[in-house]
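A.B. asks: 3D, please:
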Amino acid sequence: MKKKLISAFTATAMVATVVPAAVTQAAPATLKIASVVAVDSNNVKVTYTVNQKKYTETVKTSKVIKHGATIVSFKLKGNNYSAKLSKPFSNKNYVSVTNNVNQGNAALKSNSIDTAEKALKNAQTFFARLKTTEVSSSQYSILKNKITQLEQAIQAASISASFDAQNVFNQSNEKMNAVKSMDVDIAATLKISMLGESMNMNMNGAASIFVSPLLAKYNLTMDMGEAGKETLEMYMEEKANKYYVYMKDSTGWVAEEMDVSSLLDLSSSLNLSSSMNFDGFSSLRAVGMESIDGRDMYVIEGKMLGEDMEKFFKDTGLLGITDVSDLGLTADEEKLMQDLLSKMFKDMGDFTVKMWIDAETYYGVKYEMDLTDFTQKMVTGMIDVVANMDELVGEISTEELNSLKQMLKVEEVKISMKSSNFDNVSTFTIPKEAQDALKK
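C.D. replies: Numbering: from 1, shown residues only. Below you'll find the model as predicted:
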């Protein structure tokens, strides 16, 4: 009996010892992820706790971590986890490419081509090391395009240094002044807001011009949004040393004989490409080479100062600005107006005309102007001119005129032109209806 009791006690003790151990193994302590940091595109350093004890371990990810990733998957202690990275993953090669491209573009702005070329070479080296599995397809394409754009910009800058902008411009001016006929496509955008109400106008037009004797036709469309759309068909011709203009409006054709000065003003306003052929630029800068319709083009920027603009706009009659002697003012009023206009132009700073000149023929084939800031300053300047001549205004007070500065905002004024078919314009005739209008 005694032996049995001892055996039973021993067995009970063994069970009491073994069973708790078995239970502990079946229900391990909870593992909590504290932080996950990417080591590289294949590994993460995981900090976790078990029974309030902290551990750190580096483990492989289930798949390659792409640049910018925020969620990663990995296996730890035999279990699979998906966790948020403490900070988005930055692939070193991706970052290096981006930084070098930015450095290259910055160097080009300061005209440091050598520095830009070194940055480009570094960007290309890091890009070659970048695996397509480490970035998304869009990220890879964006980086590749940025490198290509920097390469093209450096090439253009290098070529820019190889040609004389002034010489190219002079040759183009000489060639354009000898042109006997050409076609011109014109596009203009005007956006103005007044008291919060916007007015938008888009103008598109085409012109065919024979210089001597003058024969020209214009087809213009002006889209003013809610205000509607207007079209203009017009012809000009020189006949027996006289000049005639034919224009079609909503009532039909109207025609009249014009004196030479009025005709030149009108012609300059409509044919902006001919207005570009002058020596009014204070500086010319070679931008680079581009291709238009498979032909190499010199790209030049010409900067015009305020005082140059005054002469240009008066000579061409653009924007209605002509010699103040045409306004019928007294001598004192005329002097005051002239002084105010000169000050207005001087205060307007400068604006730039971008020109594309055919590298083989030296024809000017394209022009672009952003006149937004220029027009805003001109509007403000004209208000100042009128405000300082309130005796000419009558019932409108200076205060009312000055308040316009706060109400009127020029949002966008852009003009672009393309010239083609030099000395090869298709012949045309003025419609009979237009000619008949001259007899009325």
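A.B. asks: Ranking helices and strands of the protein by mean pLDDT, which lands last?
C.D. replies: Lowest mean confidence among the helices and strands of the chain (mean pLDDT, DSSP states H and E): helix 2-26, at a mean of 36.
A.B. asks: Moving C-terminal from that one, which element do we reach first?
C.D. replies: strand 31-38 (DSSP states H and E).
A.B. asks: So what touches that next one?
C.D. replies: With CB atoms under 8 Å, 6 or more residues apart in numbering as the test, strand 31-38 has contacts from 44-50, 54, 65, 69, 72, 74, 76-77, 79, 81, 83-87, 89. Where you see a C-beta, it was placed from the backbone N, CA and C, and this is true even at glycine.
A.B. asks: Just the buried ones from those?
C.D. replies: Among the contacts of strand 31-38, those buried by neighbour count (16 or more other CB atoms under 10 Å) are 44, 46, 48, 65, 69, 72, 74, 76, 81, 83, 85, 89.
A.B. asks: Counting neighbours, what do you get for residue 158?
C.D. replies: 14 (other CB atoms under 10 Å).
A.B. asks: for residue 101, same thing?
C.D. replies: 23.
A.B. asks: ok, now residue 127?
C.D. replies: 19.
A.B. asks: In space, what's closest to it - neighbours in sequence excluded?
C.D. replies: Leaving aside its sequence neighbours, residue 127 sits nearest to residue 97 (CB to CB, 6 or more residues apart in numbering; 5.0 Å).
A.B. asks: In this structure that neighbour contacts residue 144, no?
C.D. replies: No. With contact defined as CB atoms under 8 Å, residue 97 does not reach residue 144; the gap is 9.4 Å.
A.B. asks: Between the two, which has more neighbouring residues?
C.D. replies: Neighbours per residue, other CB under 10 Å: of residue 97 and residue 144, the larger number sits with residue 97, 25 against 13.
A.B. asks: Next one: that one from residue 119, what distance?
C.D. replies: Distance of residue 97 to residue 119, given as CB to CB, to the nearest Å: 10 Å.
A.B. asks: do residue 250 as well
C.D. replies: From residue 250 to residue 119 the distance is 60 Å (CB to CB).
A.B. asks: Restricted to strands, list the contacts of strand 31-38.
C.D. replies: Taking DSSP state E, the ones among those that sit in strands are 44-50, 54, 72, 74, 76, 79, 81, 83-84.
A.B. asks: Show me which of those is closest to residue 365.
C.D. replies: In terms of CB to CB, no member of those lies closer to residue 365 than residue 72, at 54.9 Å.
A.B. asks: Please name the bridge partners of the closest residue to residue 285 other than its chain neighbours.
C.D. replies: Nearest residue to residue 285, sequence neighbours excluded (CB to CB, 6+ apart): residue 301, at 4.7 Å. Beta bridges link residue 301 to residue 285, residue 354, judged by DSSP bridges.
A.B. asks: I'd assumed residue 256 was in a helix, is it?
C.D. replies: No. Counting by DSSP: H, G, I helix; E, B strand; the rest coil, residue 256 is not found in a helix; it is strand.
A.B. asks: In which helix or strand does the closest residue to it other than its chain neighbours reside?
C.D. replies: Spatial nearest neighbour of residue 256, excluding adjacent residues (CB to CB, 6+ apart): residue 245 at 6.1 Å. For residue 245, the element it lies in under DSSP H and E is strand 242-249.
A.B. asks: So which residues lie in contact with that strand, not counting its own?
C.D. replies: Around strand 242-249, the neighbours that count as contacts under CB under 8 Å, 6+ apart are 214, 232-237, 253-260, 263, 266, 430-431, 434-435, 437-438.
A.B. asks: in it, what's buried?
C.D. replies: For strand 242-249, by 16+ other CB under 10 Å, it's 243-248.
A.B. asks: Repeat that for stretch 421-432.
C.D. replies: With burial defined by 16+ other CB under 10 Å, the residues of stretch 421-432 counted as buried are 422, 425, 430.
A.B. asks: what do you get for stretch 360-371?
C.D. replies: For stretch 360-371, the buried set under the neighbour-count rule, 16+ other CB under 10 Å, comprises 362-371.
A.B. asks: got it, and stretch 211-222?
C.D. replies: Within stretch 211-222, the residues that count as buried by 16+ other CB under 10 Å are 211, 214-218, 220, 222.
A.B. asks: And the helices in the stretch 151-300 of the chain?
C.D. replies: Listed in chain order, the helices of the stretch 151-300 of the chain (DSSP state H, counting those that start in this stretch) span 165-177, 260-270, 272-275.
A.B. asks: which SSE is residue 403 in?
C.D. replies: Take DSSP H and E as the rule and residue 403 turns out to sit in helix 398-407.
A.B. asks: Contacts for whatever helix or strand residue 352 lives in, please.
C.D. replies: Taking DSSP H and E as the criterion, residue 352 maps to strand 350-358. The contact list for strand 350-358, computed with CB under 8 Å, 6+ apart, reads 168-169, 172, 276, 281-282, 287, 290, 292, 295-306, 309, 363-371, 373-374.
A.B. asks: tilt between it and helix 165-177?
C.D. replies: 70 degrees (axes from the mean of the first three to the mean of the last three CA atoms, to 10 degrees).
A.B. asks: Whatever helix or strand comes next after strand 350-358 pairs with which strands?
C.D. replies: Proceeding N to C from strand 350-358, the next assigned helix or strand is strand 364-370, under DSSP H and E. Take DSSP bridges as the rule and strand 364-370 pairs in its sheet with strand 350-358 (antiparallel), strand 408-420 (antiparallel).
A.B. asks: Can I get these in a markdown table including mean neighbour count?
C.D. replies: As requested, those are exported to a markdown table (neighbours: other CB atoms under 10 Å):
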| stretch | mean neighbour count |
| --- | --- |
| strand 350-358 | 19 |
| strand 408-420 | 17 |
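A.B. asks: Let's have the ones you listed in CSV, adding distance to residue 378 and mean pLDDT.
C.D. replies: As requested, the strands paired with strand 364-370 are exported to CSV (distance: least, CB to CB, whole Å; pLDDT from 0 to 100):
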stretch, distance to residue 378, mean pLDDT
strand 350-358, 10, 87
strand 408-420, 9, 90
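A.B. asks: now for these, which one comes closest to residue 187?
C.D. replies: Per CB to CB, nearest to residue 187 of the strands paired with strand 364-370: strand 408-420, 5.0 Å.
A.B. asks: Following the chain onward from that closest one, which element is next?
C.D. replies: Downstream of strand 408-420 (by DSSP H and E), the next one is helix 432-437.
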